[in-house]
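Trainee: next one to model:
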Amino acid sequence: MAQRSDINTIRNIGILAHIDAGKTTTTERILYYSGVSHRLGNVDDGNTQMDWMEQEQERGITITSAATRCFWQDHEINIIDTPGHVDFTVEVERCLRVLDGAVVVFCAVGGVQPQSETVWRQANRYRVPRLAFVNKMDRTGADFKRCVEQIRSRLKAHAVPIQLPMGVEAAFKGVIDLVEMKARVFDQDSLGSRYTETEIPPEYAEAAAAAREDMLDAVAEFDDAVLDRYLGGEELGVEEVRAVIRKAAIENQIVPVLCGSAFKNKGVQALLDGVVSYLPSPADLPAVKGIEPYRSNGVEVPQERAALDSEPFSAMAFKIMNDPYVGQLTFIRVYSGVLKVGEALLNTSQDKKERVNRLVRIHANKREEIKAVRAGDIVGVVGTKNTMTGDTLSDPKQPILLEKIEFPDPVVDVAIEAEGEGETDRLFASLRRLTLEDPSFKIKVDKDTGQNIVSGMGELHLEIIVDRLAREFGVATRVGKPQVAYRETITRSVESESKYVKQTGGHGQYAHVKFRVEPLPRGSGLVFENAIVGGVVPREYIPAVERGVREAAAGGVLARYEVVDVKVTLIDGSYHEVDSSEMAFKVAGSMGFKDAVVRAKPVILEPIMSLEVEVPTEYLGDVLGNLASSRARVVRVEATGAVHIVGAEVPLGETFGYVTSLRSLSQGRGVHSMEFLHYAPAPAEVANSVIGEGRSV
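Mentor: Here you go, the predicted structure:
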């Protein structure tokens, strides 16, 4: 059995934030102060441990999530540093699915930024307890109070400061702990390793007392005994206050807020104290829930696994990585049981056996061999051949199927081909390996043009893919211009009837179906429902009808784009005892769906992006004018010191090359971020152009 920490002293956390809020710098400081690293890595210098890819070091951004482990106050902390750029949001999604807690980093100047909202929604979806760390308190324009208010107003979170900053901007020197009512002043000569704990200076005493009272008002209600003592005027002890903050944080009732400056080496040790004190261990959370797989009657039987070594083994594969030394490396989160090297596993999602050749602990791009893993661990497995992201791995004798991870659909397409003669097979093999790593990256062959089409979450996403093809796989490529991944939908409900009748020399083909199609809200996808009562269409043919519908939907009716946000209900039909077949009903389903969509007033949908631009005030007019010419809808303009922040909604097709445009408009001083918001009907002139292009291909 693996020798490892008591499960109650384990913390599995993610570091989340908007791009450039300081996630990787914060993680680097955590590694330094916990003794894992003996030097301070900096993003600007390209020498961080967590951003180890060449592309990350060159661009100064995190592209792929990186795992590591450190120890603090006799606690084992498994950390996953995630990207902040919207093009790599899938990395955040899959990590949050398996983490127990998170530290969300906010810039004290920028506050709650677009990707901050995105990662917060993702964490809400998985009910992950969080700490908020207001970083960059040393920067000009830093405002702790404003940042806390934005967390409350924009994220609808019950943010409760448990620290106050001492000083601000260039005068920032430390933090005031409202639980212990002590001040910590950090020694810059020792790179923040040493700090002095003192009484709160008189000039901060009044503000600290008021903030502590606000903190106790917010948390006391979560423990009846503490509330009675607090209302009775009794003094609450430090451990008592910590315990009630921890309880409320783990139950997602509050978000404790801390502050500091990771780059200037201030406040990170207190953040580590907060992770240990207020975020949950695997044992603090409910048992993971799943279902018993492979039941022939279709009835789902709930199952669960507690975070105990004595339970049957269960784990989720949340990331696949092509390692140059070990081949395919599968990152897993172990929920229950023990797994040893050489043992067999069942991939419950695909009903296939897997063999564990090696187990490794992961530190960025370094590996440490281990013999076994236990409940609560996050490790790498070498030897799996069929496992993909989101698959459940379990004890073959007592299988369980956990809920899969949902990934967003790509929104940008480009055509790609190999430059060299005879390199097409290598290109396809390399692309398929990359799709295993990244579920938001798709490849297909256009059936009409024969072109290889790759799809991703944005221009940068696909740029990185092309760069990796050249560097890691040695395949040079030619790439077309980015294309928008439009969608099609319907605007009214109709009924449609379809018969497929074909007579040949032997048995013929016969199928008859009747559909009702209805529009659904945006983001609903395609929903198929069988409403037939009786045997007018035999049950064994229903799946064939659905396959026909879904294949037809994938090809569209206006411009060959996927049909979405439609409910298809099979309401009637008939069959022939001799001539009916699955193939016939699949064809009838396809024909009937296309006919229904054509008569249901189909329209083209275009992806709309949420754009935030931060620009010096003197360039605001030019930026707003440019947005107006791009069919953008400006939703807010805020002044923050000498800069303005513009929030807008803009069609994706109008954003290609915006980096260059903004640089020109603002003399290189403007920055922007963008994320997918929703699909919306395209204007007539855009739709007509898209339909014309689709039909001419």
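Trainee: quick one: the spatially most central residue of the chain from S493, how far?
Mentor: When CA atoms, centre = their mean is applied to the chain, the residue found nearest the centroid is E93 (2.2 Å). For E93, the distance to S493 (CB to CB, to the nearest Å) stands at 33 Å. All C-beta atoms are positioned from the backbone trio N, CA, C, and that covers glycine.
Trainee: and for D467?
Mentor: Per CB to CB, D467 is found 47 Å from S493.
Trainee: for stretch 246-258, what is the distance to the chain centroid?
Mentor: Offset of stretch 246-258 from its chain centre (CA atoms, centre = their mean, to the nearest Å): 22 Å.
Trainee: endpoints of it, how far apart?
Mentor: This stretch, stretch 246-258, spans 14 Å end to end (CA to CA, to the nearest Å).
Trainee: give me the beta-bridge partners of the nearest residue to R599 once chain neighbours are set aside?
Mentor: Excluding the flanking residues, the one nearest R599 by CB to CB, 6 or more residues apart in numbering is V494, at 4.9 Å. For V494, the beta-bridge partners are V517 (DSSP bridges).
Trainee: which residues are in contact with V494?
Mentor: By CB atoms under 8 Å, 6 or more residues apart in numbering, V494 lies in contact with R516, V517, A596, R599, A600.
Trainee: kindly recompute the last result at 6 Å.
Mentor: A596, R599, A600 (CB atoms under 6 Å, 6 or more residues apart in numbering).
Trainee: and which of those is nearest L131?
Mentor: Closest approach to L131 among the contacts of V494 (CB to CB): A600, at 49.0 Å.
Trainee: what is the neighbour count of the closest one?
Mentor: Neighbours of A600 under the rule other CB atoms under 10 Å: 22.
Trainee: wait, doesn't it sit right on T489?
Mentor: No - A600 lies out of contact with T489 (CB atoms under 6 Å); the separation is 9.0 Å.
Trainee: from the chain's centroid, how far away is the lengthiest strand in the chain?
Mentor: If you go by DSSP state E, the chain has its longest strand at strand 603-616. Put simply, strand 603-616 sits 19 Å off its chain's centre (CA atoms, centre = their mean).
Trainee: name the residues that touch whichever helix or strand comes after that strand?
Mentor: Sequence order places helix 620-628 as the next helix or strand after strand 603-616, per DSSP states H and E. Under the contact criterion CB under 6 Å, 6+ apart, helix 620-628 has outside partners V613, V615, H644, A648, L665.
Trainee: I'd like the next helix or strand past helix 620-628.
Mentor: Where DSSP H and E defines the elements, the next helix or strand beyond helix 620-628 is strand 633-640.
Trainee: which secondary structure elements does that following strand sit against?
Mentor: Helices and strands touching strand 633-640, as assessed by 3 or more CB pairs under 6 Å, 6 or more residues apart in numbering; DSSP states H and E, comprise strand 643-651.
Trainee: which SS state does L227 fall under?
Mentor: Of the three states, L227 takes helix under DSSP: H, G, I helix; E, B strand; the rest coil.
Trainee: need the contact list for it.
Mentor: L227 makes contact with A220, E221 under the criterion CB under 6 Å, 6+ apart.
Trainee: could you give the mean pLDDT of stretch 300-308?
Mentor: The average of the pLDDT scores along stretch 300-308 is 89.
Trainee: go on, stretch 677-696?
Mentor: For stretch 677-696, the mean confidence score works out to 85.
Trainee: now do the buried residues in it.
Mentor: Of all the residues in stretch 677-696, those buried under the rule 16 or more other CB atoms under 10 Å are Y679, A682, V686, A687, V690, I691, G694.
Trainee: let me know whether A132 touches V255 as I believe.
Mentor: Yes - contact between A132 and V255 holds when scored by CB under 6 Å: they sit 5.3 Å apart.
Trainee: of those two, give the one with the bigger neighbour count.
Mentor: Taking neighbours as other CB under 10 Å, A132 and V255 compare with A132 leading, 28 against 24.
Trainee: what ranges do the helices span in the stretch 201-350 of the chain?
Mentor: Assigned by DSSP state H, counting those that start in this stretch, the stretch 201-350 of the chain shows helices spanning 202-219, 224-231, 238-250, 268-278.
Trainee: nearest to K567, out of these?
Mentor: Using CB to CB, the nearest of the helices of the stretch 201-350 of the chain to K567 is helix 238-250, at 39.2 Å.
Trainee: so what angle separates the directions of that closest one and helix 268-278?
Mentor: Per axes from the mean of the first three to the mean of the last three CA atoms, to 10 degrees, the angle that helix 238-250 makes with helix 268-278 is 80 degrees.
Trainee: what angle separates helix 238-250 from helix 202-219?
Mentor: Angle of helix 238-250 versus helix 202-219, following the same axes, to 10 degrees, is 50 degrees.
Trainee: which other helices and strands does helix 238-250 contact?
Mentor: Here helix 238-250 touches helix 202-219, helix 268-278, going by 3+ CB pairs under 6 Å, 6+ apart.
Trainee: circling back to that earlier point, reformat the contacts of helix 620-628 as CSV; add pLDDT, distance to G589 and neighbour count.
Mentor: Shown next, in CSV, are those (pLDDT from 0 to 100; distance: CB to CB, whole Å; neighbours: other CB atoms under 10 Å):
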residue, pLDDT, distance to G589, neighbour count
V613, 88, 47, 28
V615, 86, 52, 21
H644, 87, 54, 20
A648, 94, 42, 22
L665, 88, 51, 20
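Trainee: check these against A220 and report the nearest one.
Mentor: Nearest to A220 out of the contacts of helix 620-628 is H644 (CB to CB; 40.8 Å).
Trainee: ok, now how distant is that closest one from E311?
Mentor: The spacing between H644 and E311, counted by CB to CB, is 55 Å.
Trainee: kindly report the same for Y679.
Mentor: Applying CB to CB, the value for Y679 to E311 is 43 Å.
Trainee: what's the first helix or strand after the helix or strand of the chain with the lowest mean pLDDT?
Mentor: Sorting the helices and strands of the chain by mean pLDDT, DSSP states H and E puts helix 54-59 at the bottom, at a mean of 53. Next in sequence after helix 54-59, counting helices and strands by DSSP H and E, comes strand 66-72.
Trainee: where does this protein dip in pLDDT?
Mentor: Residue ranges of the chain with pLDDT under 70: 1-5, 38-65, 84-87, 190, 192, 294-298, 364-365, 447-450, 504-506, 694-697.
Trainee: that older thread, who's in contact with the closest residue to the residue nearest to the centre of the chain other than its chain neighbours?
Mentor: Leaving aside its sequence neighbours, E93 sits nearest to Q122 (CB to CB, 6+ apart; 5.8 Å). By CB under 6 Å, 6+ apart, the contact list for Q122 reads V92, E93, L96.
Trainee: which other helices and strands does the strand or helix carrying the second one contact?
Mentor: Per DSSP H and E, E93 falls inside helix 89-96. Other elements packing on helix 89-96 under the criterion 3+ CB pairs under 6 Å, 6+ apart are helix 114-125.
Trainee: and the strands in the stretch 51-200 of the chain?
Mentor: With strands called from DSSP state E, counting those that start in this stretch, the stretch 51-200 of the chain shows them at 66-72, 75-81, 101-107, 130-135, 159-161, 163-166, 174-177, 182-186, 195-198.
Trainee: could I get the ones you listed as a markdown table with distance to E406?
Mentor: A markdown table is the format used below for these (distance: least, CB to CB, whole Å):
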| stretch | distance to E406 |
| --- | --- |
| strand 66-72 | 22 |
| strand 75-81 | 19 |
| strand 101-107 | 18 |
| strand 130-135 | 20 |
| strand 159-161 | 27 |
| strand 163-166 | 35 |
| strand 174-177 | 38 |
| strand 182-186 | 42 |
| strand 195-198 | 43 |
